[in-house]
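Asks: I would like to see how this sequence folds:
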Amino acid sequence: MKQQTGTQSRLGIAGWAIILMAFALGIWSGPLAAQSQDADERIAYRVKPGDTLIGLSRTYFRKADDWREVQRINRIANPNRLRIASTMAIPVRLLRSTPVELRVDSFTGPVRIEGSGAPKGASVGLVVDEGSTVRTGPRGFVTLAATGGDTVSLPSQTAVRLVRARRYLINDRLDVLFALANGRATFSPTPKRDGDRWRVRTPVAVTAVRGTTFRIFHDADEITSGTEVVEGTVQLAGGETSRPLEEGFGNVAKPSGLLPPEQLLPAPTIVDPGRVQTDTEVTFAIAPVSGASGYRVQVARDAGFLDVVAQDVTDRPEASFEDIGNGTYFVRSMAIAESGLEGFAEAYSFRRQRVGVVASVEESPLGNGFKFAWRPQGEDTALYDFKLWREDREDRPLVAELGMRQRELVLTDLPPGTYFWQVTALRIAPEGIVSAPASPQKLTVSP
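Replies: Numbering: from 1, shown residues only. You can find the predicted model right below:
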């Protein structure tokens with residue numbers, strides 16, 4: 001959208017009062033919000049007793065003579081006589097401010113910070129400067145955190161630019177603006193004061209909040225954005241339309257404007273999430289959700305999913321992950337609607353203890369004997385159980401050796417018949433004993 005300088009100059013005092021109120025409520029989404037891409041974006045300042053334009057310039061503007069531009073913009077006749085409670089539009093580029101620091105709180109995989117200097121890899125505690133772009137590669141995840149508790153979490157294949165993160169001296173008001181170029185992000189700003197601005201921009205929409213939890217995605221190829229409100233309310237602007245978006249609803253935006261809101265899909269249920277994951281891959285089955293075209297499944301070290309370590313986006317109600325080390329994790333899934341909007345999620349905890357065993361049997365060098373042998377898979381396997389039974393008599397094993405340290409066993413003089421046998425690997429963990437039985441194997445002893 002083009003800059004509306006003429007429109008702004010015609011607004012007058014009453015018009016700017018309305019804009020100021022909209023900013024205070026965090027719901028302004030007219031021409032001024034659309035100018036968030038312009039260097040000449042402005043804030044509204046309410047005149048206090050004793051204010052003069054020249055005095056404000058000396059104290060709060062970058063240059064002492066910047067008052068002349070503000071005088072021209074607002075058509076102020078006398079810079080030393082300002083009407084109390086009137087409002088002025090002031091370009092943010094003229095204002096002195098202090099930076100609001102966002103730091104890397106946690107990350108996994110390839111994450112790159114691109115700023116004024118050479119690109120840098122992520123490190124915990126690294127400050128992301130205003131104007132920097134954060135990019136995550138395949139299997140890359142990062143969470144940024146501000147001192148006040150605001151968090152921004154980016155999954156794989158996402159690019160977000162921190163356009164502005166500052167607090168203006170003139171009114172001690174926060175001004176934070178992110179630009180999501182591609183991918184998706186979860187934003188959790190803490191509640192803001194009246195007049196604070198906290199916004200996220202995509203090429204086709206702007207979302208303004210005062211403190212809530214919401215997600216935004218943008219598909220650069222399709223030129224499509226989406227906003228999903230998990231908690232609270234946001235104000236969404238796209239094209240010529242602006243609307244509040246309530247908790248539990250999502251909205252897709254295209255270059256032509258905002259599509260109708262739609263209700264977010266419910267949180268999928270993960271089947272038996274608490275079972276100990278002992279296999280080579282960590283796997284989850286998901287109870288299908290009506291209306292879902294796919295599922296996003298994430299694994300994190302924390303229940304808030306600020307430290308995500310893996311995710312899988314699939315069109316089937318199941319997910320699998322490789323290279324998940326031992327420990328306690330959390331898993332959640334979001335159902336994806338045909339529109340691309342993702343629904344609610346519920347976090348489940350689970351334990352990962354990689355333990356397993358591969359077993360085989362062969363004739364023993366001893367006469368009329370069989371040698372059963374096995375080798376461990378996983379980490380720190382210490383003990384093994386061995387069991388052998390006749391067909392259909394698993395409840396009455398002929399051999400049951402428990403807690404063995406050796407990795408082989410020789411049995412002799414087995415009568416002819418059909419048997420089954422099984423080895424179970426045991427790992428002693430701080431939380432208790434974790435067992436991983438191998439599949440039973442069949443053994444036929446000929447007469």
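Asks: Count the neighbours of Ala181 for me.
Replies: Ala181: 15 surrounding residues under other Cβ atoms under 10 Å. The way it works is simple: take the backbone N, C-alpha and C, and place the C-beta from them, glycine included.
Asks: residues contacting it?
Replies: Ala181 makes contacts with 133, 159-161, 202-203, 218, 220, as judged by Cβ atoms under 8 Å, 6 or more residues apart in numbering.
Asks: Could you tell me which of those residues count as buried?
Replies: Neighbour-count burial (16 or more other Cβ atoms under 10 Å) applied to the contacts of Ala181 gives 133, 159-161, 202-203, 218.
Asks: Asn368: which of those is nearest?
Replies: Ala159 (69.4 Å; Cβ to Cβ).
Asks: rewinding a little: closest one of the buried ones among the contacts of Ala181 to Pro261?
Replies: Thr202 (16.7 Å).
Asks: Thought Asp219 was touching that closest one, still the case?
Replies: No: using Cβ atoms under 8 Å as the test, Thr202 is too far from Asp219 to be in contact (9.6 Å).
Asks: any common contacting residues for these two?
Replies: Common neighbours of Thr202 and Asp219 (Cβ under 8 Å, 6+ apart) are Ser225.
Asks: Which residue ranges make up the domains of this protein?
Replies: 5-94, 97-263, 270-352, 355-445 (automatic domain parsing).
Asks: and Glu394, which of the three is it?
Replies: Secondary structure assignment for Glu394 (DSSP: H, G, I helix; E, B strand; the rest coil): coil.
Asks: that older thread, may I see the domains of the chain organised as TSV, with mean pLDDT added?
Replies: Formatted as TSV, the domains of the chain follow (pLDDT from 0 to 100):
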stretch	mean pLDDT
domain 5-94	71
domain 97-263	94
domain 270-352	94
domain 355-445	87
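Asks: In this structure, where's the longest strand?
Replies: strand 173-188 (DSSP state E).
Asks: Pull the distance from it to the chain's centre.
Replies: Relative to the centre of its chain, strand 173-188 is centred 12 Å away, using Cα atoms, centre = their mean, to the nearest Å.
Asks: Provide the strand pairings for it, with the direction of each partner.
Replies: Looking at strand 173-188 with DSSP bridges, its partner strands are strand 151-154 (antiparallel), strand 158-168 (antiparallel), strand 197-202 (parallel), strand 213-219 (antiparallel).
Asks: Just the buried residues of it, please?
Replies: 173-180, 182-188.
Asks: which ones are touching the residue nearest to Arg215 when sequence neighbours are not counted?
Replies: Spatial nearest neighbour of Arg215, chain neighbours left out: Glu228 (4.4 Å); criterion: Cβ to Cβ, 6 or more residues apart in numbering. Going by Cβ under 8 Å, 6+ apart, Glu228 touches 214-216, 250, 264, 341-343.
Asks: swap in Ser256?
Replies: Gly239.
Asks: Quick check: it vs Glu318, distance?
Replies: 36 Å (Cβ to Cβ, to the nearest Å).
Asks: Over to Val111?
Replies: Taking Cβ to Cβ, one finds Val111 at 28 Å from Glu318.
Asks: ok, now Val200?
Replies: 32 Å.
Asks: quick one, which of the two is more surrounded?
Replies: Shown here are Val200 and Glu318; by other Cβ under 10 Å, Val200 has more neighbours (28 against 13).
Asks: does the closest residue to Lys254 other than its chain neighbours have beta-bridge partners, and which?
Replies: Leaving aside its chain neighbours, Lys254 sits nearest to Thr224 (5.6 Å; criterion: Cβ to Cβ, 6+ apart). Beta-bridge partners for Thr224, by DSSP bridges, are Asp219.
Asks: residues contacting Thr224?
Replies: 204, 218, 252-254, 340.
Asks: since we're on Val399, how many residues are nearby?
Replies: Val399 has 14 nearby residues by other Cβ under 10 Å.
Asks: Just the element for the residue nearest to it when sequence neighbours are not counted, please.
Replies: Spatial nearest neighbour of Val399, chain neighbours left out: Leu388 (4.2 Å); criterion: Cβ to Cβ, 6+ apart. Assessed by DSSP states H and E, Leu388 sits inside strand 383-390.
Asks: now swap in Phe305 and tell me
Replies: Per DSSP H and E, there is no helix or strand for Phe305.
Asks: ok, and the residue nearest to it when sequence neighbours are not counted, which helix or strand is that part of?
Replies: Leaving aside its sequence neighbours, Phe305 sits nearest to Gln298 (Cβ to Cβ, 6+ apart; 6.1 Å). Counting by DSSP H and E, the element that carries Gln298 is strand 294-300.
Asks: Now for the spatially closest residue to Ala165 that is not a sequence neighbour, how many residues are close by?
Replies: Spatial nearest neighbour of Ala165, excluding adjacent residues (Cβ to Cβ, 6+ apart): Val100 at 4.3 Å. Neighbourhood size, Val100 [other Cβ under 10 Å]: 18.
Asks: pretty sure Val100 contacts Ala146?
Replies: Yes: counting by Cβ under 8 Å, Ala146 is a contact partner of Val100 at 6.1 Å.
Asks: where do the contact lists of the two overlap?
Replies: With Cβ under 8 Å, 6+ apart as the test, Val100 and Ala146 both reach Ala165.
Asks: who does the strand holding Gln298 touch, helix- and strand-wise?
Replies: If contacts are counted by 3 or more Cβ pairs under 8 Å, 6 or more residues apart in numbering; DSSP states H and E, strand 294-300 sits against strand 282-286, strand 308-314, strand 318-321, strand 327-336.
Asks: Can you tell me what sits against the second one?
Replies: Spelled out, that is strand 308-314. By Cβ under 8 Å, 6+ apart, strand 308-314 touches 108, 139, 141, 143, 153, 155-156, 294-301, 319-321, 323-324, 329, 336.
Asks: Same question for the last one.
Replies: For strand 327-336, the external contacting residues (Cβ under 8 Å, 6+ apart) are 265-268, 270, 273, 284, 286, 289, 291-303, 305, 309, 313, 319, 342-352.
Asks: Also compute the angle for it relative to strand 282-286, please.
Replies: Put simply, strand 327-336 runs at 40 degrees to strand 282-286, going by axes from the mean of the first three to the mean of the last three Cα atoms, to 10 degrees.
Asks: downstream neighbour of strand 327-336 in the secondary structure list?
Replies: Defined by DSSP H and E, the subsequent element after strand 327-336 is strand 348-352.
Asks: buried residues in that following strand?
Replies: In strand 348-352, the ones that count as buried by 16+ other Cβ under 10 Å are 348, 350-352.
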